[in-house]
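[1] below are the sequence and a predicted model; questions follow.
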Amino acid sequence: MEGLRPPENLILTGNVAEQWKFWKQKFTLYKHASGLSAKDPIVQCSTLLHIIGDDALQVYNTFTFATDEEKKDLNVLIQKFEEHFLPQKNVTFERHVFNTTFQRDGESFEQFLTELKNLAKTCDFGTLTDDLVKDRIVVELRDDAVRANLLAKKDLDLAKAAEICKASERSKAQMTQLNKSTRQSTSESEVYTVYHNRSNKANNDKPRQSRNYDRSNTQSNRPSSTRHQCSKCGYNHDRSGYCPAEGKSCNNCGKTNHFANMCQTKLNQSKGSKIQHDRRNQQKVHTVDEANSDTGTEGSGNSDFFIDVLESQQCKTADSEWNINLLVEDEKVNFKLDTGSQCNVISSSVLENMENVKLQRSKMHLITYSGHKLQPMGKCVLLCEHKNRYYDLSFQVVKGMKKPLLGLKACTALGLIQRIDSVESSKTPEPQDNYSDVFKGLGCLPETLPKKESIRRYKC
């Protein structure tokens, strides 16, 4: 085929093995399409070396051939490049890469399936390739609902699994498009209702000219009487129509089938939170953030916080622990001062007596003194009062903890402890400094001594 563009030069950066495999595939297609395969072998080898690029040509100069005939054989030349660019395959490692592959965020199912199939080619699975690819799809799929559907299928194979996953992605995309169009039509109806009411008010201000008017035209332009403001989503739509809040979870109370702006729980809690809101407005609230909190490395993974707690029941006395009582959300709570802890920890049982406390998701792992990891139930921010000053402290909520802990940063911020970098001892004055006259010269007794008979003896 005349005018057929040859492949681009071979790129020897990045994953060279994959670059070579892809380039060889393009060269094979070019060889058959351009008629190069019918030409003389030396022409085929020269064409390959011409279009492969300067970097690969330098690699060719390092090859050794047994005879001149091998230099003219295209298959031998390609085999030489194969041995150079493709390292010796380690099947164990290739299977490890395959078994640790998962569907990443934003990756479509088609991309995930293609990646699994390409990785399986170097694993020597043989006849089990399709079954093992299907197993990886079921195990590492992001959508739990689709995974449950796949597990429920009898005699599931790779073709059925791929069909179910693709159908699920298509239906989700279609539902997203339908929801957008529904919200758009709802917004248009709301704008029309406002405009229609304003126009009616303006018309009412004008004097009536005649009672004879076309009722059919006004009724056709009037919004349908079946539309109403939904108590679940807040939009205006038909009573029997689709509600955008159906099946959705509320960000306020966690229940389903309504949005947070229409949540009734928020109305009930507004009275209880008013007192706390007033206190926050009247007093200056100091916010104490934990060092390297969830956002410190949480974008890249979970954070590990160390809790240095070591107790001995035999040596435990009243003065062996440093404790303090704080007023937390109007509740008196006794805390242990733990300067070895990197965060504040509170038990879930303590929060049961407090109102309007919302748990947020926590990505921390708490590491105890013995090295064990604890997964918190969540985290929360509590208003704490100490010496008529208010602080917003962040706590990790743990189930079954005996006593709440105040970490190093909170103890420092509340002024409960103070760091002392050095200790100086005051010098005790020596007797020689205060009575220097006594220690001068030699000591002598008085010249006259009392007589023996004048000395009185006392019996004890």
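    Received the coordinates, thanks.

[2] so who does the closest residue to residue 42 other than its chain neighbours touch?
    Closest residue in space to residue 42, ignoring its immediate chain neighbours: residue 72 at 4.7 Å, by CB to CB, 6 or more residues apart in numbering. Backbone N, C-alpha and C define where each C-beta goes, glycine included. Shown in contact with residue 72 (CB atoms under 8 Å, 6 or more residues apart in numbering): 41, 42, 45.

[3] narrow those residues to those in helices?
    Mapping the contacts of residue 72 onto helices (DSSP state H) picks out 41, 42, 45.

[4] let me have the residues you listed in JSON lines, extended by neighbour count, pLDDT and distance to residue 261.
    Output for the ones in helices among the contacts of residue 72, formatted as JSON lines (neighbours: other CB atoms under 10 Å; pLDDT from 0 to 100; distance: CB to CB, whole Å):
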{"residue": "41", "neighbour count": "15", "pLDDT": "88", "distance to residue 261": "76"}
{"residue": "42", "neighbour count": "12", "pLDDT": "90", "distance to residue 261": "77"}
{"residue": "45", "neighbour count": "19", "pLDDT": "91", "distance to residue 261": "72"}
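
[5] what's the closest of those to residue 148?
    Closest approach to residue 148 among the ones in helices among the contacts of residue 72 (CB to CB): residue 45, at 56.6 Å.

[6] that closest one reaches residue 78, doesn't it?
    No. Counting by CB atoms under 8 Å, residue 45 stays clear of residue 78, with 9.5 Å between them.

[7] please, which helix or strand holds residue 341?
    Element membership of residue 341, judged by DSSP states H and E, is empty: it is in no helix or strand.

[8] how is the chain divided into domains?
    16-85, 91-167, 285-311+320-413 (automatic domain parsing).

[9] tell me what the closest residue to residue 358 other than its chain neighbours is bridged to.
    Leaving out its chain neighbours, the residue that sits closest to residue 358 by CB to CB, 6+ apart is residue 380, at 6.6 Å. Taking DSSP bridges as the rule, residue 380 bridges to residue 395.

[10] quick one: the residue nearest to residue 42 from residue 148, how far?
    Using CB to CB, to the nearest Å, residue 72 is found at 61 Å from residue 148.

[11] what does residue 404 give?
    From residue 404 across to residue 148, the span is 39 Å (CB to CB).

[12] over to residue 254?
    Distance of residue 254 to residue 148, given as CB to CB: 21 Å.

[13] before we move on, back to that, so for residue 404 and residue 148, which residue has more residues nearby?
    residue 404 (20 against 10; other CB atoms under 10 Å).

[14] check contacts around the more buried one.
    Contact analysis of residue 404 by CB under 8 Å, 6+ apart lists 333, 334, 335, 336, 344, 345, 346, 347, 350, 395.

[15] redo these as TSV? Include pLDDT and neighbour count.
    Listed next are the contacts of residue 404 as TSV, based on pLDDT from 0 to 100; neighbours: other CB atoms under 10 Å:
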residue	pLDDT	neighbour count
333	89	20
334	89	11
335	90	24
336	89	17
344	90	25
345	90	24
346	90	24
347	88	19
350	86	20
395	90	28
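
[16] that older thread, and the domains of the chain: which comes nearest residue 437?
    domain 285-311+320-413 (50.1 Å).

[17] so how far is the closest one from its chain's centroid?
    Mean-position distance between domain 285-311+320-413 and its chain equals 20 Å (CA atoms, centre = their mean, to the nearest Å).

[18] I'd assumed residue 264 was in contact with residue 250.
    No. With contacts counted by CB under 8 Å, residue 250 stays clear of residue 264, the gap being 9.7 Å.

[19] who has more neighbours out of those two?
    Per other CB under 10 Å, whichever of residue 250 and residue 264 has more neighbours is residue 250, with 20 against 13.

[20] distance check, the more buried one against residue 18.
    Distance check for residue 250 against residue 18: by CB to CB, it reads 47 Å.

[21] for residue 233, same thing?
    According to CB to CB, residue 233 and residue 18 sit 49 Å apart.

[22] of these two, which one has the most company?
    Neighbours were counted for residue 233 and for residue 18 using other CB under 10 Å; residue 233 has more, 21 against 12.

[23] tally of neighbours for the closest residue to that one other than its chain neighbours?
    Distance criterion CB to CB, 6+ apart; nearest residue to residue 233, sequence neighbours excluded, is residue 245 at 3.9 Å. Neighbour count for residue 245, taken as other CB under 10 Å: 20.
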